[in-house]
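In: build the 3D model from these lines:
(one chain, ligands or ions: 1)
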Amino acid sequence: MAGERGIRNNGAPVAPRKNASTSATDARPQIRPTTEGWQQKMGPDGRPVLQFAEPKRGKPPVHLADLTPEQRVARVTELGLPGFRAKQISTHYFTHYTSDPAEMTDLPAAVREELVAGMLPPLLTEVRRLRTDKGDTIKFLWKLYDGALVESVLMRYPGRITLCVSSQAGCGMNCPFCATGQAGLTRNMSTAEIIDQVVQANAAIAAGELGGKKRGETTPERVSNIVFMGMGEPLANYSRVMDALRAMIEPQPHGLGMSARHITVSTVGLVPAILKLAAEKLPVTFALSLHAPDDLLRDELIPVNSRWKVDEALDAARAYFDATGRRVSIEYALIKDMNDHAWRADLLAHKLNERGRGWVHVNPIPLNPTPGSIWTSSEPAVMREFVRRIEAAGIPTTLRDTRGKEIDGACGQLAAAD
Ligand code: SAH
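Out: The predicted model follows:
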């Protein structure tokens, strides 16, 4: 069986074996991950540096979205205003997507400025907004209060609008194929900085920027799906991401009133944090960026694999399913001659099936190429074969398309250079 062959090949160099009846796919070369045009930061142990803790920095101002509904009432009271103003200001922010005192006509003019200054300090200043020609994708470049830059990408699909949000300025995970990792971690984003990306996107949609109906013409559309696949490693910023998830799910006017199932948290595989997330029992969708089923390759592709190996990461993903009943996603960027070999598809399928049936689906995505480098997407026929093999093993598999390449808004392109 093809699968058997793959399993024996686990971790072994994949040069074609003499006397073996190698098929065309097996005979393909094995390219090893190395960076081109930049150097990964290395530690004293000769391995890529992993930054879990953020460098010491100031904190952004406290905002309504950082607080629980009770804390909001307390803060409004501290400002010398009646507690019920908290609900009014929450409605403006979470339902009308506005932080502009002039629009808050239900509030006495005298208190508007004070309430906004105390509860809705500006967090994201727009630097640039790029649109694809078709107008179905918008990339926002934001400057945070301290000058750090982050991006979010808004995408319209049939029947849904997805926002790809950032959870950190930069990223400490140092993956050699991802543009965000190249400059390291600047800092964690606050809960409200994460939430404000959604509110600003909703305001842009309501203004008709993504096409469709504007506010005032029937019910305005809004972001229906969120993926934590922008800049940063969400599970390395655990408590703020968790508070952001709660504010996304909390019904309006105290939160965004989104469906947890439509929110995807994606991680390189921080095992203790995955288990913690599973115990929260928030039914969000969980995605593991696997990209290789064998430790030999994954050690190089995802440096955090030096801490938590493929099997541990997959066990944690399965534990997530057990705790929540939510089918998990395995993300797999297909990279030409690096991780797209038939035996790897078989090994991946084997490792997933070893852990049971019906708990997982695989999302291969063509790597966004860096021109002239070893980092390029697999050939279409190779991708189809990769998908075919996993599906043949009974695992649902969806080949994803990338979006927003022309505006550098596609996966792994978010670098936030100004
Ligand atoms: N740190 C988290 C979330 C951010 S990246 C994580 O790694 O999951 C979101 C997804 O984009 C991850 O699956 C990541 O591996 C993938 N990605 C990064 N660079 C890419 C590239 N150049 N092409 C395609 N996908 C890429």
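
In: please count neighbours and contacts with C-alpha atoms only from this point.
Out: OK.

In: show me where this structure has its strands.
Out: Ranges of strands within the chain are 125-131, 137-143, 149-157, 160-164, 168-170, 185-188, 225-228, 263-267, 285-289, 328-334, 360-366, based on DSSP state E.

In: can you name the residues of the stretch 101-250 of the chain sitting close to the ligand?
Out: 177-178, 228-233 (CA under 6 Å from any ligand atom).

In: ok, back up a step: tell me the most buried of the strands of the chain?
Out: Between these, strand 168-170 has the highest mean count of neighbours, a mean of 28, where neighbours are mean count of other CA atoms under 10 Å.

In: average pLDDT across that one?
Out: The average pLDDT for strand 168-170 rounds to 96.

In: in its sheet, what does it sit against?
Out: Strands adjacent to strand 168-170 in the sheet, as given by DSSP bridges, are strand 185-188 (antiparallel).

In: can you list contacts of the strand it pairs with?
Out: Identification of contacts with strand 185-188 by CA atoms under 8 Å, 6 or more residues apart in numbering yields 51, 54-55, 57, 148, 167-172, 232, 237.

In: quick check: of these, which lies closest to residue 318?
Out: Using CA to CA, residue 237 comes nearest to residue 318 of the contacts of strand 185-188, at 22.1 Å.

In: can you tell me the closest non-neighbouring residue to that closest one?
Out: Setting aside the residues directly before and after it, residue 237 is nearest to residue 188 in space (CA to CA, 6 or more residues apart in numbering), at 6.0 Å.

In: beta partners of the one you found?
Out: Partner residues in beta bridges with residue 188: residue 168, with DSSP bridges as the criterion.

In: compile the strands of the chain into TSV and extend it with columns for distance to residue 343.
Out: Output for those, formatted as TSV (distance: least, CA to CA, whole Å):
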stretch	distance to residue 343
strand 125-131	40
strand 137-143	36
strand 149-157	33
strand 160-164	32
strand 168-170	34
strand 185-188	35
strand 225-228	30
strand 263-267	24
strand 285-289	19
strand 328-334	14
strand 360-366	15
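
In: nearest to residue 311, out of these?
Out: Between the strands of the chain, strand 285-289 lies closest to residue 311; by CA to CA that is 12.2 Å.

In: quick one: list the elements packing against the closest one.
Out: Helices and strands touching strand 285-289, by 3 or more CA pairs under 8 Å, 6 or more residues apart in numbering; DSSP states H and E, are strand 263-267, helix 310-324, strand 328-334.

In: closest one to residue 44 among these?
Out: In this view, the helices and strands packed on strand 285-289 are compared for proximity to residue 44 by CA to CA, and helix 310-324 is the closest at 24.1 Å.

In: how long is stretch 166-182 end to end?
Out: Distances were taken as CA to CA, to the nearest Å; on that basis the terminal residues of stretch 166-182 are 16 Å apart.

In: tell me the two of the residues of the stretch 101-250 of the chain next to the ligand that are most distant?
Out: Pairwise distances among those were taken by CA to CA; the largest, 17.9 Å, belongs to 177 and 228.

In: interface residues of the stretch 251-400 of the chain facing the ligand?
Out: Close to the ligand, as judged by CA under 6 Å from any ligand atom, the stretch 251-400 of the chain has residues 266-268, 289, 331, 333, 367-368.

In: mind putting the helices and strands packed on strand 285-289 in JSON lines, distance to residue 340 included?
Out: Formatted as JSON lines, the entries for those read as follows, by distance: least, CA to CA, whole Å:
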{"stretch": "strand 263-267", "distance to residue 340": "21"}
{"stretch": "helix 310-324", "distance to residue 340": "17"}
{"stretch": "strand 328-334", "distance to residue 340": "6"}
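
In: show the contacting residues for the closest residue to residue 32 other than its chain neighbours.
Out: On the basis of CA to CA, 6+ apart, the spatially nearest residue to residue 32 that is not a chain neighbour turns out to be residue 338, at 6.2 Å. Contacts for residue 338 (CA under 8 Å, 6+ apart) come out as 30-33.

In: which of those residues has the most neighbours?
Out: Neighbours here are counted as other CA atoms under 10 Å. On that basis the top member of these is residue 33, with 20 neighbours.

In: ramachandran angles for it?
Out: Backbone geometry at residue 33, expressed as degrees, to the nearest 10, gives phi -70, psi 120.

In: any idea how far it lies from the ligand?
Out: With distances defined as CA to the nearest ligand atom, to the nearest Å, the gap from residue 33 to the ligand amounts to 13 Å.

In: I'd guessed that residue sits against residue 176; true?
Out: Yes: here residue 33 lies in contact with residue 176, judged by CA atoms under 8 Å, at a distance of 7.2 Å.

In: find the residues that touch each one of the two.
Out: Contact criterion CA under 8 Å, 6+ apart; residues bridging residue 33 and residue 176 by contacting each: residue 301.

In: for residue 404, give me the pLDDT.
Out: In the prediction, the pLDDT value recorded for residue 404 is 76.

In: any regions of the chain where pLDDT drops low?
Out: Where the chain drops to pLDDT under 70, the residues are 1-26, 213-219, 371, 411-412, 416-418.

In: which parts of it are helices?
Out: 2-8, 69-78, 85-94, 109-119, 191-206, 238-249, 271-280, 295-301, 310-324, 342-354, 380-392 (DSSP state H).

In: turn those into JSON lines, columns for mean neighbour count.
Out: Supplementary listing: those in JSON lines, determined by neighbours: other CA atoms under 10 Å:
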{"stretch": "helix 2-8", "mean neighbour count": "15"}
{"stretch": "helix 69-78", "mean neighbour count": "17"}
{"stretch": "helix 85-94", "mean neighbour count": "21"}
{"stretch": "helix 109-119", "mean neighbour count": "17"}
{"stretch": "helix 191-206", "mean neighbour count": "24"}
{"stretch": "helix 238-249", "mean neighbour count": "21"}
{"stretch": "helix 271-280", "mean neighbour count": "17"}
{"stretch": "helix 295-301", "mean neighbour count": "20"}
{"stretch": "helix 310-324", "mean neighbour count": "20"}
{"stretch": "helix 342-354", "mean neighbour count": "22"}
{"stretch": "helix 380-392", "mean neighbour count": "17"}
